[in-house]
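> Test case, fold it:
(chains A and B)
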Protein chains: 2
Amino acid sequence: MSNLTIEEKEAFMLEAVNEAKKAEAIKEVPIGAIVVLDGKIIGRGHNLREQSQDATAHAEMFAIKQACATIENWRLERAQLFVTLEPCPMCSGAMILSRVNEVYYGAKDPKGGTAGTLMNLLKDERFNHVAYVESGILEQECGTLLSNFFRKLRDEKKVLKKQKKD
Amino acid sequence: MSNLTIEEKEAFMLEAVNEAKKAEAIKEVPIGAIVVLDGKIIGRGHNLREQSQDATAHAEMFAIKQACATIENWRLERAQLFVTLEPCPMCSGAMILSRVNEVYYGAKDPKGGTAGTLMNLLKDERFNHVAYVESGILEQECGTLLSNFFRKLRDEKKVLKKQKKD
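Alright, predicted model coming up:
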């Protein structure tokens, strides 16, 4: 169960959206995440895959690592994680390992989401941690960020193709 | 399909075992991993969870990150990964994201293994990458490292308990 009000959830998700915009500003797929403990943000991150050329450079990984560093403990047992897009297996796994208590995400990921869409790793009781999961927080805003990004990318490619032809 | 001979697989797994021993030497759970490309080791890692107090500090994550850095590319498409213990969801996910071609592991993880035991994320065709998976390479050596480590830990705890009583 969540002890947060809708207003609190949306305010925290907005912080994750702000992180996603940092990724967008440097032409990375706009995904952002934060980790919250006792009402305070203790970890932030945004996708940096292309810039870092590191396959593991996902928003949630940075947010979790920074949160562990902030409290000097790998156990984030009372923490809440907010992420704009449904987590992939790697990030869901990192949430299990760090024992994040609650996970809130914005848009669903039909291609690779493992917090409810393809499966729900965070609810699989065979692992040694199960988290509370809630989706759809600022869903439209989180999703639009991504769809605009990919549309812009396609438009740019079309222009390049046309320029080559001319 | 694997193009490696049994001798090659065992020789590479021995390198992962050597990584695991580095973890053991600093009282971390002994798990080690390497990434190989064209017969050369391009990434190495061992578990550092306690020392770093970072929940994501698994052997495979270090090996994958180092491999990406070595070739300056997040795509490890022709690479092979060797790890002493069956990967968890986070590390299986990182292998999918980095598109590692082949994954070889030593001991099975009945509690959290997601490369054949609880499930096989690396073979799930809904994700955008599927890897070749082979288990049981130097299985006994990899497993004994772990069981000895945990037995020693239990023995040390018993001694401490007895000392408190006396």
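> Which residue ranges of chain A form strands?
Per DSSP state E, chain A carries strands over the ranges A:32-37, A:40-46, A:80-85, A:102-107, A:132-135.
> in the longest helix along chain A, what's buried?
When chain A is parsed with DSSP state H, its longest helix is helix A:139-165. For helix A:139-165, the buried set under the neighbour-count rule, 16 or more other C-beta atoms under 10 Å in any protein chain shown, comprises A:141-143, A:145-146, A:149. The way it works is simple: take the backbone N, C-alpha and C, and place the C-beta from them, glycine included.
> Look up how far residue B:64 lies from residue A:39.
Residue A:39 sits 34 Å away from residue B:64, taking C-beta to C-beta, to the nearest Å as the criterion.
> who's more crowded, those two?
residue B:64 (29 against 9; other C-beta atoms under 10 Å in any protein chain shown).
> Which residue, other than its chain neighbours, is closest to the most centrally placed residue in chain A?
For chain A, the residue nearest the mean C-alpha position is residue A:83 (3.1 Å; C-alpha atoms, centre = their mean). Distances taken as C-beta to C-beta, 6 or more residues apart in numbering or on different chains put residue A:33 closest to residue A:83, at 4.0 Å, once the chain neighbours are dropped.
> who are the neighbours in contact with the one you found?
Contact analysis of residue A:33 by C-beta atoms under 8 Å, 6 or more residues apart in numbering or on different chains lists A:16, A:19, A:43-46, A:59-60, A:62-63, A:81-84.
> likewise residue A:157?
Residue A:157 neighbours (C-beta under 8 Å, 6+ apart): none.
> Check the gap between it and chain B for me.
Counting by C-beta to the nearest C-beta, to the nearest Å, the separation of residue A:157 from chain B is 19 Å.
> Residue A:139 and residue A:106 touch, don't they?
Yes - using C-beta atoms under 8 Å, residue A:139 is in contact with residue A:106, at 5.2 Å.
> Next to chain B, which bits of chain A? Give me the list.
A:49-50, A:52-58, A:61, A:64-65, A:68-69, A:72-76, A:88-94, A:96-99, A:111-112, A:114, A:118, A:121, A:124, A:126-128 (C-beta under 8 Å from any C-beta of the partner chain).
> Buried ones among the residues you listed?
A:49, A:54-58, A:61, A:64-65, A:68, A:74, A:76, A:88-94, A:96-99, A:112, A:114, A:118, A:121, A:124, A:127.
> Those in helices, which ones?
Checked against DSSP H, those include these in helices: A:49, A:61, A:64-65, A:68, A:89-94, A:96-97.
> Dump those residues to JSON lines, plus pLDDT.
JSON lines is the format used below for these (pLDDT from 0 to 100):
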{"residue": "A:49", "pLDDT": "97"}
{"residue": "A:61", "pLDDT": "98"}
{"residue": "A:64", "pLDDT": "98"}
{"residue": "A:65", "pLDDT": "98"}
{"residue": "A:68", "pLDDT": "98"}
{"residue": "A:89", "pLDDT": "98"}
{"residue": "A:90", "pLDDT": "98"}
{"residue": "A:91", "pLDDT": "98"}
{"residue": "A:92", "pLDDT": "98"}
{"residue": "A:93", "pLDDT": "98"}
{"residue": "A:94", "pLDDT": "98"}
{"residue": "A:96", "pLDDT": "98"}
{"residue": "A:97", "pLDDT": "98"}
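> about what we covered before: was I right about the residue nearest to the centre of chain A contacting residue A:62?
No - Residue A:83 is beyond contact range of residue A:62, at 11.0 Å (criterion: C-beta under 8 Å).
> tell me, how many neighbours does residue A:18 end up with?
Neighbours around residue A:18, by other C-beta under 10 Å: 14.
> thinking again about what came up before, can you name the two of the ones in helices among the buried ones among the residues of chain A next to chain B that sit furthest apart?
A:49 and A:96 (21.7 Å; C-beta to C-beta).
> Thanks a lot, see you next time.
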